[in-house]
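A.B. asks: Let's see this in three dimensions:
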Amino acid sequence: MERPPWARRNLTRLTFALRYVAVTLPMFSVWEVAQLPLYTIWTEQGVAASLRAAAHCTLGDAGIALAASFASLALAAAAGPLRRVLPLSVLIVLAGLLVTAVFEWASTEWLARWAYSDLMPTIPLLGLGLSPVLQWIIVPTLALLILRRRLGHTLESLRTAADSDHGQRSSSAV
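C.D. replies: As a prediction, this is how the structure comes out:
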């Protein structure tokens, strides 16, 4: 039994998103541990609690990476310029950065789930920590550079699937 076109496209998107998570996960893990001294948990709750927090945040980063890459690939279906590797890569990075910024702000300012230590440089006016912002620029960019050929193949696969599903219509349903 052949899968319906929408299922094939979603499977292709999910396959890339999972690869992206697999590449980002070790980098996020290292970053989360390295930035622990920039948060008060490091001095207030000790090493064990800090490492649990780093593991928790790494899994959160993986969830954000999965959602940002899958949603960006889906959005590319509606926006022709996003059907190329560079614009799509920028969208994936920006989507992850935006979600992270919202979570970081809510967690530090509104919910008080964690706090920055005096060592954390913050972005003026926003009050966001510089380290998590840089994390969500650097790690996804490196991962997408590693995966650029795979992302190109994914886009081509989605274009081909859209073309075959809709006859001669141009690749409007990535």
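
A.B. asks: alpha carbons only for contacts and neighbour counts from here, please
C.D. replies: Fine.

A.B. asks: okay but residue 91 is in contact with residue 72, surely?
C.D. replies: Yes. With contact defined as C-alpha atoms under 8 Å, residue 91 counts as touching residue 72 (6.4 Å).

A.B. asks: where does the spatially most central residue of the chain land on pLDDT?
C.D. replies: Nearest residue to the geometric centre of the chain (C-alpha atoms, centre = their mean): residue 65, 2.6 Å. Listed pLDDT for residue 65 reads 98.

A.B. asks: Now the element after the helix or strand it falls within, going C-ward?
C.D. replies: Residue 65 is part of helix 46-75, with elements assigned from DSSP states H and E. From helix 46-75 onward toward the C-terminus, using DSSP H and E, the following helix or strand is helix 85-105.

A.B. asks: Can you tell me what sits against that next one?
C.D. replies: Contacting residues not belonging to helix 85-105 are listed as 64-65, 68-69, 72-73, 76, 81-82, 127-128, 132-133, 136-137, 140-141, 144, 148, 151-152, 155 [C-alpha atoms under 8 Å, 6 or more residues apart in numbering].

A.B. asks: now do 7 Å
C.D. replies: Helix 85-105 is contacted by residues 64-65, 68-69, 72, 81-82, 128, 133, 136-137, 140-141, 144, 148, 151-152 when judged by C-alpha atoms under 7 Å, 6 or more residues apart in numbering.
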